[in-house]
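**Q** fold the following for me, if possible:
(chains A, B, C and D)
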Protein chains: 2
Amino acid sequence: MNDATTAVAGCVSLAAPALSNEEAEATARLFAALGDPARVKIVNLLATNREPVCVCNLTRPLGLAQPTVSHHMKKLVEAGLLDREQRGKWAFFSLNHEAVSKLAGLIDLEGGSQ
Amino acid sequence: MNDATTAVAGCVSLAAPALSNEEAEATARLFAALGDPARVKIVNLLATNREPVCVCNLTRPLGLAQPTVSHHMKKLVEAGLLDREQRGKWAFFSLNHEAVSKLAGLIDLEGGSQ
DNA sequence: CATTCATATCGACCGTTGTCGATGTATCGA
DNA sequence: TCGATACATCGACAACGGTCGATATGAATG
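**A** I've put the predicted structure just below:
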């Protein structure tokens, strides 16, 4: 999922002249994707491990049931922060580094468009 | 409010080796502070206008009632993203650029601690 | 001191969201 | 084909959060 349906696709820098309602909502959705401790840990695991991770390897370190983990993965994919790849029975999730870079750029008020 | 009670004080980079529960919760609280369109707009206004803003000047551009705006300002102050200064009757809010810089650093997975 | 104004807090309402068990779907192996 | 595995979806429940009107606090003003 790297298309226009992701939140990151509709985001503009926080230093942009005047955010529209749609831009503010998309930006809020992107930040809200990281507004849960479990999802922060998921992104942290993917950022440090480098290799894609499947759901079954996340339930134990997160201490959450499998449906809950799937729920969080879906949120992160919809935000555009994670990519999903199906390999047989397994669904492998990896960081979308382009989206992460764009997120970092949103907050850069000095070197941004200010 | 720039003390240890703010969310930004307990945050660690998303590229840090292994986030504790407390670090993940603090990071999530910081991101959640920007997980609402109204608060995104508030930060955007403060980032572009440079000058501090009081609540009475935000109700009209946001289209929200005064208690709602105060609620959002409190969330942003608790997160550490905004500073509050009382001048007579008015409460002036301004961006905490140190916190914004730290937030941008949290997401920088390349130049960070990875 | 009374009034006005700016802001915070309270209480209530209600939509959203995190959580899990149960179930459905699809794939792989025996 | 059958059973096991991995994952998504569904339904339900509880907790959280955004919103507003009413009210409280506190400061300037006359």
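
**Q** switch to C-alpha atoms for all contacts and neighbour counts from now on
**A** Will do.

**Q** residue contacts, the most centrally placed residue in chain A?
**A** In chain A, the centroid-proximal residue (C-alpha atoms, centre = their mean) is A:L81; its distance is 2.6 Å. The contact partners of A:L81, by C-alpha atoms under 8 Å, 6 or more residues apart in numbering or on different chains, come to A:V8, A:L95, A:N96, A:H97, A:A99, A:V100.

**Q** now with 10 Å?
**A** A:1-2, A:6-8, A:30, A:33-34, A:43, A:73, A:75, A:94-103 (C-alpha atoms under 10 Å, 6 or more residues apart in numbering or on different chains).

**Q** ok, now how distant is it from B:K41?
**A** A:L81 sits 22 Å away from B:K41, taking C-alpha to C-alpha, to the nearest Å as the criterion.

**Q** same question for A:G35.
**A** Distance, A:G35 to B:K41, by C-alpha to C-alpha: 17 Å.

**Q** ok, now A:H71?
**A** Taken as C-alpha to C-alpha, the span from A:H71 to B:K41 is 28 Å.

**Q** neighbour-wise, which of the two wins?
**A** The residue with more neighbours, out of A:H71 and B:K41, is B:K41; 25 against 11, by other C-alpha atoms under 10 Å in any protein chain shown.

**Q** which stretches of chain A have low pLDDT?
**A** Residues of chain A meeting the criterion pLDDT under 70: A:1-4, A:111-114.

**Q** my read is A:A91 is in a strand, agree?
**A** Yes - assessed by DSSP: H, G, I helix; E, B strand; the rest coil, A:A91 belongs to a strand.

**Q** my read: it touches A:L82, true?
**A** No - using C-alpha atoms under 10 Å as the test, A:A91 is too far from A:L82 to be in contact (11.9 Å).

**Q** having no further points to raise, I will conclude here.
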